[in-house]
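In: Need a 3D model of the following:
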Amino acid sequence: CTNNSDTPITGVATYNVHPPKAGLYFNKVQCFCFEEQRLLPGETVDMPVFFYIDPEFVDDPYMDRVSSITLSYTFFKTDVEYGEDDEDDEEETA
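Out: The predicted structure is shown next:
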């Protein structure tokens, strides 16, 4: 993952498994998405995911036609841009 902007970016990722019915058998052991991530301007980092597919997947008749599983992520910014909410925060703490 690379931050191509000229400002730091902080955010979290959510994942999606397709087809959705295969999600029952998808198990994440370790994922960058468990914690908030911060990337500095121009920074490139690896964001590893360790997972396994439950072996019971093979015995489920509803999975007969599933020949591949796609795992995707969407990254959402969690940091507030300067000036958006700063005035409210200052009033509450002053």
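In: what mean pLDDT does stretch 33-51 have?
Out: Across stretch 33-51, the average pLDDT comes to 88.
In: now the strands for this protein?
Out: For the chain, the strands defined by DSSP state E cover 9-18, 26-31, 37-39, 49-53, 70-77.
In: What's the separation between Leu71 and Phe34?
Out: 15 Å (C-beta to C-beta, to the nearest Å). To be clear about C-beta, it is placed using only N, CA and C from the backbone, and glycine gets the same treatment.
In: Then Phe26?
Out: Phe26 is 15 Å from Phe34, by C-beta to C-beta.
In: Was I right to think Phe57 contacts Met63?
Out: Yes: with contacts counted by C-beta atoms under 8 Å, Phe57 reaches Met63, the gap being 5.5 Å.
In: Common neighbours of the two, please.
Out: By the contact definition C-beta atoms under 8 Å, 6 or more residues apart in numbering, Phe57 and Met63 are jointly contacted by Ala22, Tyr25.
In: Of these two, give the one with the bigger neighbour count.
Out: Taking other C-beta atoms under 10 Å, Phe57 and Met63 do not tie; Met63 has more neighbours (18 against 15).
In: which secondary element of the chain has the worst mean pLDDT?
Out: Least confident helix or strand, the chain: helix 86-93 with a mean of 40, by mean pLDDT, DSSP states H and E.
In: what's the closest non-adjacent residue to the residue minimising distance to the centre of the chain?
Out: The centroid of the chain falls nearest to Ala13 when counting by C-alpha atoms, centre = their mean (2.2 Å). Excluding its sequence neighbours, the residue lying closest to Ala13 (C-beta to C-beta, 6 or more residues apart in numbering) is Cys33, at 4.1 Å.
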